[in-house]
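In: need a structure here:
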Amino acid sequence: MADTIAELRLPTQELRDDIPFYTKTLGMKLNSIYPADDPAIGVFSGHGLRLRIERGAAEAPGTIRILTDDPDGFADGARRLTAPNGTKIEIEERNPPLVMPETVHSFVVRRLKDQAPWIIGRAGMHYRDLVPDRLGGSIIASHIRIPDGGPVPDMVHFHQVGFQLIFCIHGWVDVVYEDQGDTMRLTAGDCFIQPPEIRHRVLEASDNVQVIEIGVPAEHVTEIDHEMTLPTPHLRPEREWQGQRFVYNKAEDAEWVPFRLPGYICRDTSIAENTKGVAGVQVVRRGEGAPQWAAHDTDIHFTFVMNGTLTLEGQGREPFQLEQGDAFVIPPGMKTRLSEPSVDVELLEVTLPGVFNTTLGDPSA
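Out: From the prediction side, this is the model:
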């Protein structure tokens, strides 16, 4: 393909007024100007842009966003400017710090039979929202499915997140990760912890693969990496991304131990250890003894019913009969009881932070 150049055209009334703004204030280069006797068109380049500023052009002035590592040192620290031709200029951080919204606590119950809509999202995957209010923007929990198996039209990408979990509940999916070796197959009961900004790509999936994806905060950016090819040549299992390690936890390796709530057992996914306490993930089954009332003091407490049935009792609330596909969030300090679990009940519990206190006790006491 022959070399090509793309220009963005902007209008002006008087080009002579725009030249010092675009060259001196914004630090762009003037590439060409014509006609010489009465300049009407100027072409400028810089910051990855090529602008054709043309007298009498029909387009609106538009907005240019300039992202820089030093916004205070750019344009004398101004963050909002207007060029003589009317174009608005926004100066922003190139890599702004991740903002973690304060959790707006609420008691949430999301039932599969309530027919929450499936939305077609990135790479053709179907998404069902499990926490509609997002707890004030602090978390997104999605039930994701790919109805038709085969190759997935994904690209090497990464997420600007504080925490992200992928837990497979049905079928299988093949994924490759930066510095983690060859393709890994996630099957039902397995999970990945994707540290912030680790590059990865979904390659192939079985028919009707289903996963639960937890992301913190709720709104986070997905960026495509057009330079990296996966798998990478190095195997670095001990590498950390912002203090977190990649985790590939397999259900077949599970050791079941008593859960923090009487009447249940659990298997730890080692996620609290590998995220340095940022989050904890447990798979929970019915155990010996009677379930009891309890309260917790962790900030975010999310549970998804992967199999079986149980009753969620909440202090001052009508009980909820829950089944496979349902999800709930319990705010800190609220007393609840997970009663009447079926023999085959299996729960996915995700908490942030991963280490917290549980207090047992009847609400009438």
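In: Every contact and neighbour count from this point should use C-alpha atoms.
Out: Will do.
In: Residues in contact with the lengthiest helix in the chain: which ones?
Out: Counting residues, the longest helix found in the chain (DSSP state H) is helix 15-20. For helix 15-20, the surrounding residues in contact (CA atoms under 8 Å, 6 or more residues apart in numbering) are 12, 30, 39-42, 53-55, 83-85.
In: List the buried residues of stretch 96-104.
Out: Thr103 (16 or more other CA atoms under 10 Å).
In: coming back round to it: sort out for me which of the contacts of helix 15-20 are in helices.
Out: With helices taken from DSSP H, there is no overlap with the contacts of helix 15-20.
In: Which members of those are classed as buried?
Out: 12, 30, 40-42, 53-55, 83-85.
In: quick check, nearest of those to Leu310?
Out: Ala83 (62.8 Å; CA to CA).
In: What lies in contact with stretch 250-264?
Out: Counting by CA under 8 Å, 6+ apart, 188-191, 265-268, 284-292, 294, 358 sit against stretch 250-264.
In: The same query, at a cut-off of 7 Å, please.
Out: Stretch 250-264 is contacted by residues 189-191, 265-267, 284-292 when judged by CA atoms under 7 Å, 6 or more residues apart in numbering.
In: In PyMOL, how would I select just the buried ones from those residues?
Out: Selection of buried members from the contacts of stretch 250-264 for PyMOL, criterion 16+ other CA under 10 Å:
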select buried, resi 189+190+191+265+266+267+284+285+286+287+291+292
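In: returning to that earlier point: just the buried positions in the longest helix of the chain, please.
Out: Neighbour count says helix 15-20 has 15, 18-20 buried, by 16+ other CA under 10 Å.
In: tell me the domain ranges of the chain?
Out: Per the record, the chain has its domains at 8-93, 113-249, 253-360, by automatic domain parsing.
In: Which one of the ones you listed lies nearest to Phe107?
Out: Comparing these by CA to CA, domain 253-360 comes nearest, at 5.2 Å.
In: Any idea how far apart the tips of that closest one sit?
Out: 30 Å (CA to CA, to the nearest Å).
In: Pull the distance from that domain to the chain's centre.
Out: 23 Å (CA atoms, centre = their mean, to the nearest Å).
In: Just grab the bridge partners of Gln210 for me.
Out: Arg145, His170 (DSSP bridges).
In: Pretty sure it sits against His170.
Out: Yes: Gln210 is within contact range of His170, at 5.0 Å (criterion: CA atoms under 7 Å).
In: For those two, indicate the residue with more neighbours.
Out: Gln210 (25 against 20; other CA atoms under 10 Å).
In: quick one: the more buried one and Met306, what's the gap?
Out: Distance, Gln210 to Met306, by CA to CA: 11 Å.
In: and what of Ile146?
Out: 17 Å.
In: Then Pro61?
Out: Counting by CA to CA - Pro61 and Met306 are separated by 53 Å.
In: out of the two, which sits in the more crowded spot?
Out: Comparing Pro61 with Met306 by other CA under 10 Å, the one with more neighbours is Met306, at 23 against 18.
In: To which secondary structure element is that one assigned?
Out: In this assignment (DSSP states H and E), Met306 forms part of strand 300-307.
In: Which elements pack onto that strand?
Out: On a contact count with 3 or more CA pairs under 7 Å, 6 or more residues apart in numbering; DSSP states H and E, strand 300-307 meets strand 327-329, strand 346-352.
In: Direction included, what does the next helix or strand along the chain from it pair against?
Out: Using DSSP H and E, the next helix or strand after strand 300-307 towards the C-terminus is strand 309-314. Sheet pairing of strand 309-314 (DSSP bridges) gives strand 320-323 (antiparallel), strand 336-339 (antiparallel).
In: Looking at those, which one is packed in the most?
Out: Across those, averaging neighbours per residue (mean count of other CA atoms under 10 Å) puts strand 336-339 on top, at a mean of 22.
In: Thanks a lot, see you next time.
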